[in-house]
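Here is my input; please provide its structure:
(3 chains)
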Amino acid sequence: MFKHDPDLNQLIWQVVALIPPGKVATYGDVARQAGLAKAARRVGLALRQLPQGSKIPWHRVVNAQGRISLPDGTASQYTQRERLEAEGIVFRGNKSLDLRQYRWEPGGAE
DNA sequence: GTACTGACCAGAT
DNA sequence: CATCTGGCCAGTA
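As a prediction, the model looks like this:
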């Protein structure tokens, strides 16, 4: 197995790309699927380094609390929420969604 | 080499 | 529900 991959970002992006519409995944879940297990932070960095215009549905990635990690007032935060709603996801009163309902459950897909 | 930070997570109080 | 604590990995000073 590779120890330090130079393309962890790509790996993470690929996993994110596997998230089906209408569902979301937590940073920890993505990390686990990517084989990084405990590197949820690395996932956040990868998304932050994610270039604009990429086909990666980064908006389907939220934190373990079912909330958008991005700070309020930023375009990214607004965009993410709008996109999720467009996918059919409904937010609760404040900015949290029901992970029990929308969490992506990886199966035999890889 | 150490120290601090960050789109994090889980458990305890 | 709010706050704190320890852990995890990678980047930067």
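
where does residue A:41 land in three-state SS?
helix (DSSP: H, G, I helix; E, B strand; the rest coil).

Enumerate every residue touching it.
Each residue near residue A:41 by Cβ atoms under 8 Å, 6 or more residues apart in numbering is listed here: residue A:27. In short, each C-beta sits where N, CA and C put it, glycine included.

neighbours of residue A:74, just the number please.
Here the number of neighbours of residue A:74 (other Cβ atoms under 10 Å) works out to 11.

pLDDT (mean, whole number) over the top helix by length along chain A?
Secondary structure of chain A per DSSP state H: the longest helix is helix A:75-86. What helix A:75-86 shows for mean pLDDT is 93.

helix or strand right after that helix?
Going down the chain from helix A:75-86, the next helix or strand is helix A:99-102, by DSSP states H and E.

Is there contact, residue-wise, from that following helix to DNA strand C?
No - using Cβ under 7 Å from any atom of the strand, helix A:99-102 never reaches DNA strand C; the gap is at least 12.0 Å.
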